[in-house]
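[1] structure here, sequence nowhere to be found:
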């Protein structure tokens with residue numbers, strides 16, 4: 001079988017399928033190690049999904065957050081234990097690929113896939129820019145938003161709902177103490193998003209993100225505003241990059257025949273946080289048993305993976321989407337709760353540590369919260385439509 005794309009979703013799917021005894025070819029257009037625009041935060045709940053430690057690529061262990069609404073008073077909260085690991089995608093993705101190779105995966109980088117089609121015999125032919133042709137019974141698209149696999153096989157591309165811009169501030173003398181072991185989160189400046197400062201080994205990552213239509217002309221000014229707020233000179237930022245965040249439409253197909261899409265290729269990004277690594281690894285794990293069943297003749301398609309996404313992952317993402325809509329009507333009260341209400345802060349930490357999901361968190365405040373979540377989100381969406389008609 002063939003996996004196209006060696007990010008966290010692709011390498012996880014390849015590794016888990018290979019561990020079941022299948023021959024797996026993993027292709028990526030880039031030469032590894034390569035960087036990707038990404039904040040690089042790995043929550044504890046995400047790390048717990050992997051059967052090995054991420055310690056070799058962890059550059060900072062986050063145990064707290066500095067929270068602020070626009071230029072208001074900042075409050076620092078500490079969890080007392082790790083909630084997120086900070087890494088760089090060039091190191092993380094290389095590390096995950098190496099674990100896949102140890103499981104027997106044949107990894108070939110620098111192989112841009114140009115064409116994918118299903119043959120009359122039901123197998124898939126994958127052609128690369130170098131002229132190679134590979135044939136397999138199964139092909140998995142893990143090549144990101146608007147990927148070649150999804151396009152070639154007729155999958156619906158997830159709408160690019162959000163846009164982000166980030167850069168790195170070099171810290172040759174070490175990351176300043178004020179940024180160590182804490183994430184900086186700033187809300188209220190950006191429609192549908194936030195600004196951040198994330199600590200790494202020899203730099204801090206500074207970024208902003210929000211709804212794509214509302215942010216197109218505001219990203220760079222918003223990034224400069226966040227920099228100045230935290231005493232960072234915007235001209236000192238390096239490796240400035242923008243990227244899109246695809247978010248799946250509920251019900252969109254993620255598997256057909258012997259093919260499937262995972263991670264960003266399936267639009268599996270958390271709407272509230274904009275984080276995609278968790279869903280990437282969840283979907284990579286979820287597709288593996290269905291591939292094994294298909295290859296063993298126990299299933300005629302990979303539809304079991306689609307059902308797993310719809311019933312296990314999508315409800316959490318839909319709850320996140322609803323919370324995102326409500327949160328951005330008036331972020332102030334919600335951030336105040338995280339700043340000053342111990343229960344709210346504790347619930348947020350439980351989410352990051354994997355001790356509870358979005359639906360659990362919502363239900364913990366009152367039994368009426370979940371039934372009211374969708375109606376409240378619908379009202380919030382209409383308000384957003386009036387405030388940001390371009391959205």
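    Perfect, I can see it now. This one's a predicted model, so the numbers in the text were calculated from it and none came from an experiment.
[2] got a pLDDT number for residue 53?
    Note on residue 53: pLDDT of 98.
[3] phi, psi of it?
    Phi and psi for residue 53, reported as degrees, to the nearest 10, are phi -80, psi 150.
[4] against residue 268, how distant is it?
    Taking CB to CB, to the nearest Å as the measure, residue 53 falls 24 Å from residue 268. To be clear about C-beta, it is placed using only N, CA and C from the backbone, and glycine gets the same treatment.
[5] any figure for the gap between residue 83 and residue 203?
    Remark: distance between residue 83 and residue 203 (CB to CB) = 21 Å.
[6] returning to that earlier point: more crowded one of residue 53 and residue 268?
    Set residue 53 next to residue 268 and count neighbours by other CB atoms under 10 Å: residue 268 wins out with 25 against 9.
[7] quick check: the more buried one touching residue 284?
    No: using CB atoms under 8 Å, residue 268 is not in contact with residue 284; the gap is 10.2 Å.
[8] just the buried positions in the lengthiest strand in the chain, please.
    For the chain, the strand with the greatest residue count under DSSP state E is strand 160-170. Buried residues in strand 160-170, counted by 16 or more other CB atoms under 10 Å: 160, 161, 162, 163, 164, 165, 166, 167, 168, 169.
[9] hang on, the earlier thing: now the common contact residues for residue 268 and residue 284.
    Shared contacts of residue 268 and residue 284, defined by CB atoms under 8 Å, 6 or more residues apart in numbering, comprise residue 262.
[10] if we can go back for a sec, now pLDDT and distance to residue 134 too, for the buried residues of strand 160-170, in JSON lines please.
    Formatted as JSON lines, these follow (pLDDT from 0 to 100; distance: CB to CB, whole Å):
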{"residue": "160", "pLDDT": "64", "distance to residue 134": "29"}
{"residue": "161", "pLDDT": "77", "distance to residue 134": "33"}
{"residue": "162", "pLDDT": "83", "distance to residue 134": "34"}
{"residue": "163", "pLDDT": "87", "distance to residue 134": "34"}
{"residue": "164", "pLDDT": "91", "distance to residue 134": "34"}
{"residue": "165", "pLDDT": "93", "distance to residue 134": "36"}
{"residue": "166", "pLDDT": "95", "distance to residue 134": "35"}
{"residue": "167", "pLDDT": "96", "distance to residue 134": "38"}
{"residue": "168", "pLDDT": "96", "distance to residue 134": "36"}
{"residue": "169", "pLDDT": "97", "distance to residue 134": "42"}
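[11] closest one of those residues to residue 24?
    Proximity of the buried residues of strand 160-170 to residue 24 (CB to CB) peaks at residue 160, which lies at 29.5 Å.
[12] how about residue 80: what's its closest non-neighbour residue?
    Closest residue in space to residue 80, ignoring its immediate chain neighbours: residue 63 at 6.9 Å, by CB to CB, 6 or more residues apart in numbering.
[13] does the one you found touch residue 183 like I think?
    No: with contact defined as CB under 8 Å, residue 63 does not reach residue 183; the gap is 9.9 Å.
[14] okay, those two: which has more neighbours?
    Taking neighbours as other CB under 10 Å, residue 63 and residue 183 compare with residue 183 leading, 22 against 18.
[15] name the SS class of the more buried one, please.
    strand (DSSP: H, G, I helix; E, B strand; the rest coil).
[16] not counting sequence-adjacent ones, nearest residue to it?
    Here the residue nearest residue 183, using CB to CB, 6+ apart, is residue 65, at 5.1 Å.
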